[in-house]
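*Asks:* for reference, the sequence and a predicted model appear below.
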Amino acid sequence: MAVILKTEGLNKVYRLGSFTRSREIKALNDINIHVESDKPVIVSVVGESGSGKTTLAKTLLRLVEPSSGRATIYDQVVAGAGATAHGRTFLAAVQPIFQNPFEAFSRYRPVDAYLHETATRVAGLDRSQANDAVAEALAAVGLDAVDVRGKYTNQFSGGELQRVSIARALIPKPNLIIADEPVSMIDASRRMIIINLFRKLKEEAGRSFLYITHDLATAYYISDFVAVMSKGTLVEFGPAKEVMSNPQHSYTRLLLDSIPTTRTRWRPRAAKAA
Amino acid sequence: MGVLQYVAKRVGLYLAVLFIGLTITFFLPRLLPTNPIDAYISQLQSRANGQLTAEAIIQLRTNLEELYGLKGNLFSQYLGYLNRVIFHLDFGPSFTYYPTPVSSMILTALPWTLGLLLIATLIAWVLGNLVGVVAGYFHTKRAATVLEVVGILLYPIPYYILAVSVILLLAYVIPIFPLSPTFPVGPLTPALVGSIVYNSTLPALTLVLAGFGWNILSMKALAVATTEEPYVTFARLKGTSNWTRMVRYVFRNAMLPQVTALALSLGTVFNGALLTEILFSYPGVGLLMRTAASSGDYDVLYGAITLSIVAVATAGLVIDLIYPLLDPRIRHR
Amino acid sequence: MIRLNSVVASYRTARGSINAVDGVTIEIPDGCILGVAGESGCGKSTLMKLIYGDVTSPMALASGSIEYGFGDAKGRPITSDNIRDQWFNRISYIPQSSMNSLNPVVKVGKQFVDFPGSDPDKKRVLAEVREYIGKLGLPVETLDAYPHQLSGGMRQRVMIAMATFFQPELILADEPTTALDVVVQKDILLLLMDLQEQMGNTILLVSHDMGVHYQVTTRMLIMYAAKAVEYGDSESVFAAPLHPYTRMLISSLPTIGDDRARDGIPGRPPSLWQELSGCRFADRCPLATARCRAEEPALIEHKPGHWAACHYAGEMTQRAEAA
Amino acid sequence: MSDIRDTAVSPADLAAAEPAPKATPGRRERASWLWLLNARLVLGLIIIAIFLLGSFVLPLFAPHDPAQQATYMKNLKISPAHWLGTNGLGQDTLWYLIFAVRNSLILGIFVGIGISAISTAIGLSAGFIGGAYERIVMLIVDSFITIPLLPILIILGALIRGNNNFFTIGLIIVIFGWAWNARTIRSMVLSLREREFINMARFSGAGTLAILVREIFPYVSAYLVVGFINTILFAINTEATLAVIGLSKVDVPTLGSIIFWALNYNALFTGNTTWLVAPIVATILLFLGLFLTSTGFNAAFASRRGVA
């Protein structure tokens, strides 16, 4: 049973205002998550805006320094005091997928340049191995290398570009891929293409995912574990089906009741004259 | 809380600017090869057509150094300089008009400069921004591009060309203004004020034209961007009139960055004012500097520069402190 | 009854003009909440602009007409020419980006009364407004606050208060809750439903979230590539969708407690620049046949009060009932 | 000085309804050249080309060194021999003007390169590194912007009047003129630093230098061209301002010294108006050309970057 993700007493405090009267905002408040499994898993972190779910993702990606506490992925301490993984080992352990695919690539560089750089610099492959790895990663997300070579961001749809972004993250075969709201910018009708892709990559490519979202329905659909966050604190954590079908915490229940589903109506309809 | 923090930050910058300004004006002349004392002595010699004996020169050198605070090592001079300037506003006596203190000469010239500068800049700012917001708000219409062209034609023209062209047009070709203006001195009788205004119309016009083009172009760009903001679109969908939307929605928001831009541009505008004064021989700090520079009266020069830095920095601070009054997002955190 | 007669909205650009709404003919009964759904670029926002009368170049009402079925204060019938005079009087609008649809440097109260339709005696109107917003769950001080001091939910309540204060006949809401969190969204949607019930007027609601449509709307219009593909009572549209696109739209959304496999609709809507013939959904439709690619299906009433533009719509109902 | 951009408005429905065509190889090459053409840019480039060619080619055919005084009769009217007549110092006005434009352009380009180099280095490093370094740098930058430059130039002009030459004047302008550009570049880099593709590059193994060169520089390069042209404008203007008040090396013909002599030998009183009008028209045209080119580039880069 490998420790896929462990956070111990993770805190992040932002100090606002001048030295005289400063307000403290607790973006992360003593987060303790422990995920152990012998096969790859998808862990979802759900919560409203300002709940701290993005700060958690940024802390694990070391884009934000935690105020205290530690985070471990597999056997490497990735963030906080005593972080062991540095440089290329860190990049090989954790890879991100960003929210807006059009912002994730520079407008002035061909999209596949990032894939080749990841292959050569992070995965440490030589030129020919890199080309194969890129082609293989693109195939895994249902794209052909020819369709991508030398193209710029304005020649793709949102869905296609996000799949290229996923392919790039796959190349160094990281222990954990952290996807921060990966489908919120994509048309509702085409989100499931990406969501199903995450599940396929978990099962076939053996990758674990941390899926950050405010959309509980997609979290329920693909995740093994779910963490519910509110105002910086972890209010509930457990197997997804269990947490979602009978939530223990009142906030989780409030969230679940507020989702506009197509099953039960909030207000029963007066019998409509045909 | 927001305003306090904003003001503290801005005053901090103000003090830093003053400090750096004073330091530059102190070290700059001392780093250069020529020593002002030698220049003074050579001037005195020429005046006394060579009868000064060797000891007289040595004696002269010591009390000149004493007079202009050039005694001791560089650092103690620096402290002495700061103490004199900040606490006593004392720049030593003027060399050419000995013994009148430099500070009194400058303080008589400064109001002229600030008067001309602030009035002209204000007119240029207000007019330029009004024309700019109209050009920006109606940027899809043909007529608005005419306003923008005015800005494009005016903006690149440098101060000295504007000044000379204004002299050429309004004092030579159509001589309604004096070719070389004279500024009477004395008690402020209405007639005196009238002649001062008459004589300073051309320099003021130059400064207004110089600022006018820049304000049109920058406000037009801001207005075009602001018109696409959601709150302006929603105002349109509420059925508000063009006038209300242009003034209360677009101008009220687009003018905020223009206030900061004005504060920042004061340094450059001040340069323009100095140059205009010299070309129109307008009795301000600029003219004072020019005559001091050509007659080698260094202390008047350093005093004028230090005070102009203080004046510009203070004007900038005042404008920046007005900003929170215009932007509720800073007033109410 | 609001009637749209084969309405066409076109955009003129450097590359020529295209029809973002290509011939929509529907009748919207009074007192209903009509949901307008479809992928981005299907023309739903353009349709809203058309009905609201916000027709500014490069967009234009190329052909067709709109009859609003309600008159102005003097009883004269309103058409798409004089609708603009009725903005925030007989017809109002709730914008999407509630984050900054309010002027950041002017107090909320002042923005309530700065449009000409309101009564010149601003003080009296403001007093009435102060009392009205209380009913919408807004504290009275809201009027004296600046927009940046309000939360997202409160700002959207202010927009709804503005749009409903003058008791309009028709309210158009373009994705009113997209920018809000799910808990606040529910309160706002319930508020909208209550207000509609009290005022008995008509609301047109655009949303990309079929869940929102299911909860709020009484009638549904599904748009695809500038065409109306399905129109009918929400109950029957959700229970037995006639058009394959509608069915895929509904089935592509995962629901908590339902483990059935879901997959998104592959491919992309056709570009409106190309010459389009036959059914525009043919390339992505599992039931597509040669007839679909050749002949464009008309919007026909396959079931009472339930229209669909699909040659095989009829069979969909038999097949659905058989399954 | 600021980044004046024309934003192209495209309705949401239209943009979304028009997905980029799948594979049209030609589109990117043609597009990349096409965006250069807009009216302002073309007009500006034409004017500058005329000035550059005129002032660098014609001097090769100059009969005499125009700066040399009393080569001709004073204040001659416009004639086939002297297209703009001669000035109060017996020099041919036209040839003097041509040499003046050349020298001003040389100074402008020299100072432009100097300032662009310094301001880019300081702006990029301050914007990217941030923290205490950025605060100190920005304090100095804001001070340099607030402190009026002319008085300091007047001191330097007065003190080194004896042995100043063109090079020192240029150097002084560079030392005091880099602040505006540095401030603009720093604010651009500050916003770029938060953009997502910087993190993407970092997770693709790119080091700080690779990020600065490959990711940030393309976005900043658009402004560098505009900044460079604005700096030429600033340099010529500053040198000319000094020359007009007699504090620059006025025996070297520049757009400032020409006016200095015209004023000092009161061209107006002697009726030799062409001596004054010619440089005014030339300066206005040159500055207009430079300004149109800079805003033309701006508009071109903005449209290429899309609406953002």
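*Replies:* Alright, I've got the coordinates.
*Asks:* phi first, then psi, for the closest residue to chain C within the stretch 151-300 of chain B.
*Replies:* Using Cβ to the nearest Cβ, the single residue of the stretch 151-300 of chain B nearest to chain C is residue B:239, 3.7 Å away. Where you see a C-beta, it was placed from the backbone N, CA and C, and this is true even at glycine. Phi and psi for residue B:239, reported as degrees, to the nearest 10, are phi 90, psi 20.
*Asks:* might one say that it is in contact with residue C:92?
*Replies:* No: applying Cβ atoms under 8 Å as the test, residue B:239 and residue C:92 come out as separate, 9.5 Å apart.
*Asks:* have a look at the two and say which one is more surrounded.
*Replies:* Between residue B:239 and residue C:92, residue C:92 has the larger neighbour count (other Cβ atoms under 10 Å in any protein chain shown), namely 28 against 21.
*Asks:* around chain B, which positions in chain C sit nearby?
*Replies:* C:52, C:54, C:84-85, C:87-89, C:93, C:95, C:97, C:99-106, C:114-117, C:146, C:148-149, C:162 (Cβ under 8 Å from any Cβ of the partner chain).
*Asks:* now a ChimeraX select for only the buried ones of those residues.
*Replies:* In ChimeraX, this line selects whichever of the residues of chain C next to chain B come out buried by 16 or more other Cβ atoms under 10 Å in any protein chain shown:
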select /C:52,54,87,88,89,93,95,101,102,103,104,105,106,114,115,117,146,149,162
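*Asks:* quick one: contacts of stretch A:167-174?
*Replies:* When contacts are defined by Cβ atoms under 8 Å, 6 or more residues apart in numbering or on different chains, stretch A:167-174 is touched by residues A:91-97, A:114-115, A:118-119, A:122-123, A:133-134, A:137-138, A:140-141, A:143, A:177, A:201, A:205, A:207, D:200, D:203-204.
*Asks:* let's see which of those residues end up in helices.
*Replies:* A:91, A:92, A:93, A:114, A:115, A:133, A:134, A:137, A:138, A:140, D:200, D:203 (DSSP state H).
*Asks:* how close does the last one get to chain B?
*Replies:* Right, the one you point to is residue D:203. Separation of residue D:203 from chain B (Cβ to the nearest Cβ, to the nearest Å) stands at 33 Å.
*Asks:* which residue ranges of the chain form strands?
*Replies:* If you meant another chain, say so; for now it's chain A. For chain A, the strands defined by DSSP state E occupy A:2-16, A:23-37, A:42-46, A:68-73, A:76-80, A:94-97, A:176-180, A:208-213, A:225-230, A:233-239.
*Asks:* oops, wrong one, chain D.
*Replies:* Using DSSP E, strands in chain D do not occur.
*Asks:* where does it dip in pLDDT?
*Replies:* In the predicted model of chain D, residues D:1-37, D:159-164, D:303-308 satisfy pLDDT under 70.
*Asks:* for chain A, give me its nearest residue in it.
*Replies:* Closest point on chain D to chain A, by Cβ to the nearest Cβ, is residue D:205, at 2.7 Å.
*Asks:* buried ones from the contacts of stretch A:167-174, can you make that a ChimeraX selection?
*Replies:* Applying 16+ other Cβ under 10 Å to these leaves a buried subset, and the ChimeraX line that selects it is:
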select /A:91,92,93,94,95,96,97,114,115,118,119,122,123,133,134,137,138,140,141,143,177,201,207 /D:200,203,204
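*Asks:* you'd agree residue B:171 is up against residue B:177?
*Replies:* Yes: with contact defined as Cβ under 8 Å, residue B:171 counts as touching residue B:177 (4.8 Å).
*Asks:* show me which residues of the stretch 151-300 of chain D are close to chain B?
*Replies:* Within the stretch 151-300 of chain D, the positions near chain B by Cβ under 8 Å from any Cβ are D:151-152, D:154-160, D:162, D:233, D:237, D:240-241, D:244-247, D:256, D:259, D:263, D:268, D:273, D:276-277, D:280, D:283-284, D:287-288, D:290-292, D:295.
*Asks:* can you get me a residue count around residue 192?
*Replies:* In the absence of a named chain, chain A is used. 23.
*Asks:* that was the other one, I meant chain B.
*Replies:* Other residues close to residue B:192 by other Cβ under 10 Å number 14.
*Asks:* residue B:182 is in contact with that one, correct?
*Replies:* No: using Cβ under 8 Å, residue B:192 makes no contact with residue B:182, being 11.9 Å away.
*Asks:* chain center to stretch D:185-193, what's the gap?
*Replies:* With Cα atoms, centre = their mean, to the nearest Å as the basis, stretch D:185-193 stands 22 Å off its chain's centre.
*Asks:* scratch that, stretch B:138-150 is what I was asking about
*Replies:* Relative to its parent chain, stretch B:138-150 has a centroid offset of 31 Å by Cα atoms, centre = their mean.
*Asks:* for the stretch 51-200 of chain B, just list every one of the helices.
*Replies:* B:54-67, B:74-82, B:102-137, B:142-154, B:159-167, B:190-199 (DSSP state H, counting those that start in this stretch).
*Asks:* got the ones you listed as JSON lines, with distance to chain C and mean pLDDT columns?
*Replies:* JSON lines is the format used below for these (distance: least, Cβ to the nearest Cβ, whole Å; pLDDT from 0 to 100):
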{"stretch": "helix B:54-67", "distance to chain C": "56", "mean pLDDT": "74"}
{"stretch": "helix B:74-82", "distance to chain C": "42", "mean pLDDT": "79"}
{"stretch": "helix B:102-137", "distance to chain C": "14", "mean pLDDT": "89"}
{"stretch": "helix B:142-154", "distance to chain C": "14", "mean pLDDT": "86"}
{"stretch": "helix B:159-167", "distance to chain C": "34", "mean pLDDT": "87"}
{"stretch": "helix B:190-199", "distance to chain C": "36", "mean pLDDT": "82"}
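*Asks:* tell me which of those helices is the most buried.
*Replies:* With neighbours defined as mean count of other Cβ atoms under 10 Å in any protein chain shown, the helices of the stretch 51-200 of chain B peak in mean count at helix B:159-167, which reaches a mean of 24.
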